[in-house]
Structure formats: structure tokens, C-alpha cells
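K.L.:
Sequence below, structure please.
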Amino acid sequence: MNEIGEKIVGVVAGAGPFAGLDLLGKILNQTVASKDQDHLTIVTLSRPGQIADRSEYLLGQTDVNPAYAIADQVLQLERLGAAVAAIPCNTAHAPPIFDVVLRELQAANSNVKFLHMVKEVGAFLNQRQAHTRRVGVLSTTGTYRANIYPAALAPAGFQVIVPDADFQERVVHAAVYDPVYGIKATGQATATARNNLLAGIEHLREKGAEVVVLGCTEMPLAITEPRIEGIVVIDPTLILARALIREANPAKLKPYQPCLASEN
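P.N.:
Numbers count the residues shown, from 1 in each chain. Predicted structure coming up:
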């Protein structure tokens, strides 16, 4: 906490690095500030080489649980003053990872409040989309198989709709992980990656989705519109940015503007 009682924000920014950068930008854009000094104090750590791929761990392609490196980086942020922290990676919130992070923080007697991105999305949907029942989710295959969003949203009465298994691997997961055009590989929203995700939104619409959650933090780099052909698009990175501001200093959180959420 700084000298005016405002909490310092910590961001584990390397999972992945472009998603971390996106979160930082959205924190700035969602903060009430008229000059440099009005912005929140943010400490960020981007050491991606230390954090094993979350999807690979959940899919059994590596036995290195990224939770331990994530917890270590949260503790480093806490030593730099962070009182509230988060990681902009949906897959990191799978219980086999996130629960271990919390266990490690507790064992270290940490006082940092580590936000749960997917639960923040659930709270947002309850508050802003309470009339909606059928929620589509696009994600990596790690998040898909770990059942992260259904587990978080079903208890609140939402029906979670996900892509068919073949479409998930061939189209949706590839938008993020393909070695030629995937967002992680190229560091940008290639035309092919965006078209894959647009096809994913249409696929979920055909299955009955009323809104679509971009359940991988690289996806909002390609899909920036708050609506696609009338379907509301939910950006968890934006929701997490607003949650961090709320926890640090709620007086500095801009009013939510649904039609301009990706712009303000």
C-alpha cells in the first residue's frame, strides 16, 4: 500500500507476454486519471521462461506444474509492495494450477490478494448479463479440457456452450498455438487467427450461445469488438483490469460502458 492508502497492483505478465502487455494497457485505459501522477502504482514481472506452458501441463505434455513459478513470481511482486495481484492467463486458473498457487502463497504467509480471473468473469456476467443463460466460451484446449468455465459458471445458473472437439482443436486452439499463424507464435493477430476466432463465434452462435467469452488472453488481441454480428463478446482481460483497479482504489475505476468497453 502506498502513502495515500492506495494498494499497489502486481501483474504476473509473462503468461503470455503479449497478454500481460494487453492487461497493463487496459488497466491504464480503465483508470480515472488526468495526469501521470493519477495512475495506479503497478509492479510487473515478465519472466516467461520460468513458467511452463499451462496448456501443455494440463494436457499431460509436461510434468512441470507452472503453479510453483507463478507463486514465486507473485511473492516477488509482493516484496516489491504489491497488495493485490493477478495473472492474465485463463488456463492458469485451472484447479490443478491455481489451487497449488494459493497453497504456496499460504505456506509463505503471503498477504497478497491474488484475484481469480474466471470468477471475476462469472461475477461480471451475473451483474451485467444476468438475463443471459447460454454463454459460449472460446479457449485453448487446456482450458477446454480442464472444464474451467463450466465449473465456474454453471453454479450461477449459466449454461456453458463450447465448440465441438474437432473444431476446438483444428480451428480455435490453432488460432492461438499454430506455429505459423497462431497469436503466441507471431505476437500479433494474424488474419488467419482472427478468421478462426470469428468462425468460432459463429460456431457457438449456431449452438445457441447468446454471448461469447474470449477465454484465452491472446484472443482479445484479435477480437477487439464488443459485439460481433449482434453477439456480445466478453473480454476477461478487460474484466480483470477493472477488478484490479477496484481492489487498488475503487474511486479510480471508470464507469463501465458496455458499448465502449474495448475503447475506454
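K.L.:
got the residue ranges for the strands in this structure?
P.N.:
Counting by DSSP state E, the chain has strands at residues 8-12, 42-45, 82-86, 113-114, 134-138, 159-161, 211-214, 227-228, 231-234.
K.L.:
right, and those - which one's nearest residue 51?
P.N.:
strand 8-12 (7.8 Å; CB to CB). (Each C-beta comes from the backbone N, C-alpha and C, glycine too.)
K.L.:
outside of that closest one, which residues touch it?
P.N.:
With CB atoms under 8 Å, 6 or more residues apart in numbering as the test, strand 8-12 has contacts from 1-2, 20, 23-24, 27, 40-45, 51, 70, 73-74, 77-78, 80-88, 112, 244-245, 247-248.
K.L.:
Quick check: which of the strands of the chain is nearest to residue 200?
P.N.:
Nearest to residue 200, of all the strands of the chain, is strand 134-138, at 4.7 Å by CB to CB.
K.L.:
For that closest one, what is the distance to the chain centroid?
P.N.:
15 Å (CA atoms, centre = their mean, to the nearest Å).
K.L.:
hang on, the earlier thing: possible to save the strands of the chain as TSV with mean pLDDT?
P.N.:
Below are the strands of the chain laid out as TSV (pLDDT from 0 to 100):
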stretch	mean pLDDT
strand 8-12	98
strand 42-45	98
strand 82-86	98
strand 113-114	98
strand 134-138	96
strand 159-161	96
strand 211-214	97
strand 227-228	94
strand 231-234	95
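K.L.:
do you know which of these lies nearest residue 167?
P.N.:
Among the strands of the chain, the nearest to residue 167 by CB to CB is strand 134-138 (10.4 Å).
K.L.:
Can you name every helix or strand that that closest one contacts?
P.N.:
Identification of packing neighbours for strand 134-138 by 3 or more CB pairs under 8 Å, 6 or more residues apart in numbering; DSSP states H and E yields helix 148-153, strand 159-161, helix 191-206, strand 211-214.
K.L.:
For the first one, buried residues please.
P.N.:
What that stands for is helix 148-153. For helix 148-153, the neighbour count (16 or more other CB atoms under 10 Å) marks 148-150, 152-153 as buried.
K.L.:
the domain parsing of the chain - what is it?
P.N.:
8-116+239-260, 117-236 (automatic domain parsing).
K.L.:
Give me the distance between the shortest one and the centre of its chain.
P.N.:
The gap between the average C-alpha position of domain 117-236 and the chain average comes to 11 Å, counting by CA atoms, centre = their mean.
K.L.:
show me what contacts residue 153?
P.N.:
Contacts of residue 153 by CB under 8 Å, 6+ apart are 121-122, 125, 135, 160.
K.L.:
what's the answer for residue 237, then?
P.N.:
Applying CB under 8 Å, 6+ apart, we find residue 237 in contact with 19, 22-23, 26, 88, 217, 220.
K.L.:
Same question for residue 83.
P.N.:
Contact analysis of residue 83 by CB under 8 Å, 6+ apart lists 1, 7-8, 10, 111-113, 248.
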